[in-house]
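# what follows is a predicted structure for the sequence shown.
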Amino acid sequence: MPSTPHIVSDVMSHTVAAVGRRAAFKEIVQLMQDWKVSALPVLEGEGRVVGVVSEADLLPKEEFRDSDPDRATQLRRLDDLAKAGGLTAEDLMTSPALTVHANATLAQAARTMAHAKVKRLPVVDEVGMLQGIVSRADLLKVFLRTDEEIAEEVRQEVVAHLFPAPVSAVQVAVQNGVVKLTGHARDTSLVPVAARLVRAVEGVVDVEFELTRSESPAE
């Protein structure tokens with residue numbers, strides 16, 4: 001229903017810093033510093049994503065640099081100890097890569113990031129070729145919409161369908177992303193449906209209702 005951006009391709013960055021499998025440890029660190037990112041896709045061939053190397057993958061080298069972990073720690077931290085000895089992206093990367101498609105919804109991308117506790121996801125096509133990158137900051141861009149843009153979409157895409165005039169008289173006001181619907185509605189049982197649809201509008205922070213039931217002339 002809403003006409004605003006709903007998919008990853010609307011907000012993702014198309015310019016992406018990436019490395020090949022043989023990229024050296026210091027090269028990876030330098031690229032992260034230059035691009036001010038916390039993770040880099042690892043590519044092979046013509047650009048297929050085979051992994052992601054992140055700051056978390058690099059830190060074990062510093063953590064275990066001058067330590068001699070006991071047997072219990074060795075068994076518990078096998079992967080980290082292996083990465084502590086890694087020299088290239090192939091040694092260090094997390095594989096297979098956690099990715100997202102360009103046509104995924106912003107909500108899907110957000111859930112993937114939240115569940116995996118990552119800050120950014122490579123965007124790939126159907127065969128795994130890199131198309132871009134989407135970050136937490138990109139997903140939050142929808143909250144930069146103006147209150148009037150949000151209000152107009154709620155009027156056209158929600159109120160006009162659920163509470164059409166002249167039987168209903170519903171006004172829409174938005175302040176700091178919070179939508180408030182006031183007035184008279186012929187069918188107030190539709191309020192839960194309206195709440196769900198309004199919250200689906202990009203940029204909406206919350207929704208409030210002050211609606212009273214209006215009676216038709218026949219009643």
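Looks like it came in fine.

# tell me which residues in the one helix or strand residue 138 maps to are buried?
Secondary structure assignment for residue 138, by DSSP states H and E: helix 136-139. Using 16 or more other Cβ atoms under 10 Å as the burial criterion, the residues of helix 136-139 that qualify are 138-139. For glycine as for every other residue, the C-beta is placed from the backbone atoms N, C-alpha and C.

# list the contacts of it.
11-13, 106, 109-110, 113, 119-120 (Cβ atoms under 8 Å, 6 or more residues apart in numbering).

# and the next element down the chain from the strand or helix carrying residue 110?
Using DSSP H and E, residue 110 sits within helix 106-116. Next in sequence after helix 106-116, counting helices and strands by DSSP H and E, comes strand 120-124.

# related to what we said a few turns ago, so what's the gap between the helix holding residue 138 and the chain middle?
Here the centre of helix 136-139 is set off from its chain's centre by 6 Å, with Cα atoms, centre = their mean, to the nearest Å.

# got it, and stretch 188-196?
Its chain's C-alpha centre and that of stretch 188-196 lie 27 Å apart, by Cα atoms, centre = their mean.

# which positions in that stretch come out as buried?
Within stretch 188-196, the residues scored as buried using 16+ other Cβ under 10 Å are 188, 190-191, 194-195.

# and the residues you listed as CSV, adding pLDDT and distance to residue 149?
Shown next, in CSV, are those (pLDDT from 0 to 100; distance: Cβ to Cβ, whole Å):
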residue, pLDDT, distance to residue 149
188, 91, 27
190, 95, 24
191, 95, 23
194, 96, 19
195, 96, 20
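
# show me the shaky parts of this protein.
Within the chain, the stretches with pLDDT under 70 are 1-5, 63-71, 73-78, 80-82, 215-219.

# ok, 80 please
Residue ranges of the chain with pLDDT under 80: 1-6, 61-85, 214-219.

# now do the strands in it.
19-20, 39-44, 48-54, 100-101, 120-124, 130-135, 169-175, 178-185, 206-213 (DSSP state E).

# output the ones you listed as CSV; include the columns mean neighbour count and distance to residue 161.
Compiled in CSV, these are given as follows (neighbours: other Cβ atoms under 10 Å; distance: least, Cβ to Cβ, whole Å):
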stretch, mean neighbour count, distance to residue 161
strand 19-20, 18, 49
strand 39-44, 24, 42
strand 48-54, 22, 41
strand 100-101, 19, 30
strand 120-124, 25, 33
strand 130-135, 22, 31
strand 169-175, 17, 11
strand 178-185, 19, 13
strand 206-213, 14, 15
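
# closest one to residue 85 among those?
When the strands of the chain are compared by Cβ to Cβ, strand 48-54 sits nearest residue 85, at 14.7 Å.

# ok, back up a step: list the buried residues of the helix holding residue 110.
Applying 16+ other Cβ under 10 Å to helix 106-116 flags 106, 109, 112-113 as buried.

# point to the residue nearest the middle of this protein.
In the chain, the centroid-proximal residue (Cα atoms, centre = their mean) is residue 110; its distance is 3.4 Å.

# list the contacts for it?
Here residue 110 is in contact with residue 139 (Cβ under 8 Å, 6+ apart).

# ok, residue 33 to residue 59 distance?
Distance, residue 33 to residue 59, using Cβ to Cβ, to the nearest Å: 15 Å.

# which one's more surrounded, these two?
Neighbour count, other Cβ atoms under 10 Å: between residue 33 and residue 59, residue 59 has more, with 13 against 9.
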